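Peer 1: sequence and predicted model, in that order:
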Amino acid sequence: MTQGDVLVRAKSLEVHFPLPAPGPFRSSPGAVRAVDGVDLEIFRGETLGLVGESGCGKSTLGNALLRLVEPTGGAVEFDGTDVTGMPARELRALRRRTAMVFQDPFASLDPRFTVGESIGEPLVIHGLHRGRERRRARVSELMEIVGLNPDLRNRYPHEFSGGQRQRVGIARALAGEPDFIVCDEPIASLDVSVQAQVVNLLVRLQRELGLTYLFVSHDLAAVRQVADRVAVMYLGRVVEIGDGVAVGDEPQHPYTEALVSAVPVPVPERERVRERIVLQGDIPSPTNPPSGCRFRTRCPRVFEPCPDHDPVLQPVGSRQEAACHLHGVTG
Amino acid sequence: MSPVLSVRDLRVAFRTGGGLARVVNGVDFDVEPGETLAIVGESGSGKSVTSLAVLGLLPQAVTEVHGSAVFDGDELIGRSEEHLRRVRGAGIGMVFQDPMTSLNPVLTVGRQIAEALQAHEKASDRAVRTRAAELLGEVGIPDPQGRLRAYPHQLSGGMRQRVMIAIALAGNPQVLIADEATTALDVTVQAQILELIERLQGEHGMAVVWITHDLGVVAGIADHVIVMYAGRCVEEAAVDDLYSRPSHPYTRGLLSSLPLLDDPRSARERDPLTTMPGLPPDPVALPEGCAFYPRCAYRLDDRCKTEVPPLAPVAAAAENHRAATFYRIDAADEPEGQR
């Protein structure tokens, strides 16, 4: 993997969802700032893990990078081209090079389509492997790649287990031969013994096909297993990003520190003595984030500059960046 | 000390269109006063159904429950609804996974706690209000007086789960059953709830039965662990013994399939996760012998296929560490890659 070859770039990316006005002659009370100023680079051939808790904006960011939601500010570049204002025609060609694997493969597969039809649909849409026989052969090949028996092609999603359905979802994502795949909580709804199978499959496919992943997950341990680099989101912002080992083992942002410390480790003697940093209170509303640093209302290490200065990502050591005044006041 | 809850040969089957689904197939366990017992298993292992059967919360029309569950010297299986009502809450409290669906959306939090309080004792409205606010304070909800008037949708997921815990505590139970109580929560909120339950357990001296699929959570809180597979207990042990010497092939498979957060190697340097092939069996068509046989890496052909292995001590020295397997893991093959 050569760093420096950027496949996907977000520049000051914003996705704000306006709140509905409470009455006919009243103005909207504001917007949910799901993604609120994110700068991010994803290098060709790497896996970037994106972690954070419910409502931090991680799924919205993944969707915005694929233009599945329209950014309200900033820009997204794919392979050097600004795709933010790209018209739908041109976007379609780009769509083939990107794909998404969803959390719940049951909800993302059409129950009236056989799995063979679901996997073959992107081929039809993008005009790949034209002709019935060639398409059929390609679907069989895709099913084999993800470890499904091609003889099951005429079955319907409800006849499959959760793990198998996720394999169907992955086969479908691979159909257009994408460069970049956003995996949005791909193992969250699977049983423990099946999660490992899907994680291994995703890793193997990446190595074999040279894919680039954004792996969105709330499960930091799973992210550490697959991601070269990890980005941590809190309330619409990336608060820390860097080498997966560094972010996991030596977190430099107090939020990452709390997050890492809260993940239970399945080893009793280590888990019992581990210092859990228990954050007080709840995540503030993304409609009205705190002034200055957004984490300051819950931060155990809050100090004078935090309410007034909005920290920006700054390098800490050689392997990561953190948006925290503890490493020098910014913003 | 005698156990506060003692379950013996519990069997639960559901009558379904496709046949009889045998979901719990002979489970035994004891809950000692003040201890934390974890029941671990994947979806469909029967872990939740076990606790629902003990409390008589399964739909009677389609369920067959056999066996025994003795709480505080009193048999619960087959008892009248009226009798069970007195046990639920006052004897055994329960917290479920999703507080949004277990709370009534159209009643205030205060009203719902009051309901739980009044179910077990007569008291003036005023005393009930005071006690309800006290309970909210005890579970760490700020401004408890004000929050009595809040509706569930006005609270965050973590706060709702605290309300559920307050309701479960209302009857001062001897046993608290927490069924995937932190599964729907974020990890930092989960840490808050784990800490809360530990504190309450210390203050009230209640036993906690923690039902979960999360082996990380179990490692931190449990004294004793039961691993369930296809409605049977396949292994039980003190928490340290289970993790350091998993003796059933299923337990070993589960533990080694987990990614470790504190493994210092980068993602590229790591080995693929250990996987178990296949899926748990269909409860309508359980295999004749060991239910884990089709997925087992250590199976001994004829015997495992036809005979159900009994739960037996893994070694003479470890009376309380039992596993239901014919394959004996001996000292020569200690769990590879000691975790």
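Peer 2: All right, it came through fine.
Peer 1: nearest residue to A:Leu211 in space, please, no chain neighbours.
Peer 2: A:Ile181 (5.8 Å; CB to CB, 6 or more residues apart in numbering or on different chains). Backbone N, C-alpha and C define where each C-beta goes, glycine included.
Peer 1: burial of the one you found, as a residue count?
Peer 2: A:Ile181 is flanked by 25 other residues according to other CB atoms under 10 Å in any protein chain shown.
Peer 1: that one sits in which helix or strand?
Peer 2: Assigned by DSSP states H and E, A:Ile181 belongs to strand A:180-184.
Peer 1: where does chain B have low pLDDT?
Peer 2: B:317, B:329-339 (pLDDT under 70).
Peer 1: which element is the residue positioned nearest the centre of it on?
Peer 2: By CA atoms, centre = their mean, chain B has its centre lying nearest to B:Ile211, at 1.5 Å. Using DSSP H and E, B:Ile211 sits within strand B:207-212.
Peer 1: and the next helix or strand after that strand, how far from the chain's centre?
Peer 2: With elements assigned by DSSP H and E, the helix or strand that comes after strand B:207-212 is helix B:215-221. Taking CA atoms, centre = their mean, to the nearest Å, the mean C-alpha location of helix B:215-221 is offset from the chain mean by 12 Å.
Peer 1: what does stretch B:67-81 give?
Peer 2: Its chain's C-alpha centre and that of stretch B:67-81 lie 19 Å apart, by CA atoms, centre = their mean.
Peer 1: what of stretch A:286-304?
Peer 2: 24 Å.
Peer 1: in chain A, which residue is most central in space?
Peer 2: A:Val216 (2.8 Å).
Peer 1: other SSEs contacting the helix or strand it falls within?
Peer 2: Per DSSP H and E: A:Val216 is located in strand A:212-217. If contacts are counted by 3 or more CB pairs under 8 Å, 6 or more residues apart in numbering or on different chains; DSSP states H and E, strand A:212-217 sits against strand A:6-18, strand A:31-43, strand A:47-51, helix A:58-65, strand A:180-184, helix A:192-209, helix A:220-226.
Peer 1: so which of those is the most surrounded?
Peer 2: strand A:47-51 (a mean of 27; mean count of other CB atoms under 10 Å in any protein chain shown).
Peer 1: which residue packs closest to A:Arg153, ignoring adjacent ones?
Peer 2: Nearest one to A:Arg153, counting by CB to CB, 6+ apart, is A:Gly116 at 3.2 Å.
Peer 1: am I right that the one you found is in a helix?
Peer 2: Yes: under DSSP: H, G, I helix; E, B strand; the rest coil, A:Gly116 sits within a helix.
Peer 1: in chain B, what residue comes closest to chain A?
Peer 2: B:Gly216 (3.0 Å; CB to the nearest CB).
Peer 1: that residue and B:Ala222, how far apart?
Peer 2: 11 Å (CB to CB, to the nearest Å).
Peer 1: tell me which of these two has more neighbours.
Peer 2: Between B:Gly216 and B:Ala222, counting by other CB under 10 Å, B:Ala222 is the more crowded of the two (26 against 19).
Peer 1: my read is that the more buried one contacts B:Asp241, right?
Peer 2: No: B:Ala222 lies out of contact with B:Asp241 (CB atoms under 8 Å); the separation is 11.5 Å.
Peer 1: bridging residues for the closest residue to A:Leu214 other than its chain neighbours?
Peer 2: Once flanking residues are discounted, A:Leu214 sits nearest to A:Val182: 4.7 Å by CB to CB, 6+ apart. As for beta bridges, A:Val182 partners with A:Met100, A:Leu214 under DSSP bridges.
Peer 1: I figured A:Val182 was touching A:Arg67, is that so?
Peer 2: No: using CB under 8 Å, A:Val182 is not in contact with A:Arg67, being 11.2 Å away.
Peer 1: residue of chain A nearest chain B, please.
Peer 2: A:Pro264 (3.0 Å).
Peer 1: check which helix or strand covers that residue.
Peer 2: Counting by DSSP H and E, there is no helix or strand that carries A:Pro264.
Peer 1: state the distance from the closest residue in space to it that isn't next to it in sequence to A:Pro266.
Peer 2: If the residues on either side of it in the chain are set aside, A:Pro264 comes closest to B:Gly216, at 3.0 Å by CB to CB, 6+ apart. Separation of B:Gly216 from A:Pro266 (CB to CB): 5 Å.
Peer 1: and for the two, which residues touch both?
Peer 2: Residues touching both B:Gly216 and A:Pro266 (CB atoms under 8 Å, 6 or more residues apart in numbering or on different chains) are B:Leu258.
Peer 1: who's in contact with the residue lying closest to A:Ala221 once chain neighbours are set aside?
Peer 2: Of all residues not flanking A:Ala221 in the chain, B:Leu261 sits nearest, at 4.2 Å (CB to CB, 6+ apart). Neighbouring residues of B:Leu261 by CB under 8 Å, 6+ apart: A:220-221, A:224, A:248, A:260, A:263, A:265.
Peer 1: next: A:Leu61.
Peer 2: A:Leu61 touches A:10, A:13, A:15, A:35, A:38, A:40, A:50, A:216, A:233, counting by CB under 8 Å, 6+ apart.
Peer 1: can you lay out these as CSV showing pLDDT?
Peer 2: Formatted as CSV, those follow (pLDDT from 0 to 100):
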residue, pLDDT
A:Ala10, 97
A:Leu13, 97
A:Val15, 96
A:Val35, 96
A:Val38, 97
A:Leu40, 95
A:Leu50, 97
A:Val216, 96
A:Met233, 97
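Peer 1: the strand holding A:Ile181 to helix A:192-209, inter-axis angle?
Peer 2: Relative orientation of strand A:180-184 versus helix A:192-209 (axes from the mean of the first three to the mean of the last three CA atoms, to 10 degrees): 170 degrees.
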